[in-house]
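Novice: Make a model of this:
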Amino acid sequence: MNCIDYYKQMGVDLTHLPINERNAIASFFLENMVFSKEEIEEIFRDNLEKRE
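Specialist: Numbers count the residues shown, from 1 in each chain. This is a model prediction of the structure:
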């Protein structure tokens, strides 16, 4: 299973993040460092705040 599919099963769609943030999350995933749904949602919030 790849990173995107894993997080989709958790109910988180990573495709809304910029490519560099998706790559960072995927790199951690490959090292068996998995974020919780809450941590991913915090990354989404931080990203949206930076865009505004």
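Novice: Now for the chain, the helix or strand with the poorest mean pLDDT.
Specialist: Least confident helix or strand of the chain, by mean pLDDT, DSSP states H and E, is helix 37-51 with a mean of 78.
Novice: packing partners for that helix?
Specialist: helix 19-30 (3 or more CB pairs under 8 Å, 6 or more residues apart in numbering; DSSP states H and E). For every residue, glycine as well, the C-beta is placed using N, CA and C.
Novice: List the contacts of the helix it packs on.
Specialist: 2-4, 6-7, 14-15, 17, 34-35, 40, 43, 47 (CB atoms under 8 Å, 6 or more residues apart in numbering).
Novice: Can you tell me which of those are buried?
Specialist: Neighbour-count burial (16 or more other CB atoms under 10 Å) applied to the contacts of helix 19-30 gives 3, 7, 14, 17, 35, 40, 43.
Novice: Is it possible to get CSV of those that adds distance to residue 27?
Specialist: Below are the buried ones among the contacts of helix 19-30 laid out as CSV (distance: CB to CB, whole Å):
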residue, distance to residue 27
3, 9
7, 14
14, 13
17, 13
35, 12
40, 14
43, 14
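Novice: Please produce JSON lines containing those, extended by secondary structure.
Specialist: Shown next, in JSON lines, are those (DSSP: H, G, I helix; E, B strand; the rest coil):
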{"residue": "3", "secondary structure": "helix"}
{"residue": "7", "secondary structure": "helix"}
{"residue": "14", "secondary structure": "helix"}
{"residue": "17", "secondary structure": "coil"}
{"residue": "35", "secondary structure": "coil"}
{"residue": "40", "secondary structure": "helix"}
{"residue": "43", "secondary structure": "helix"}
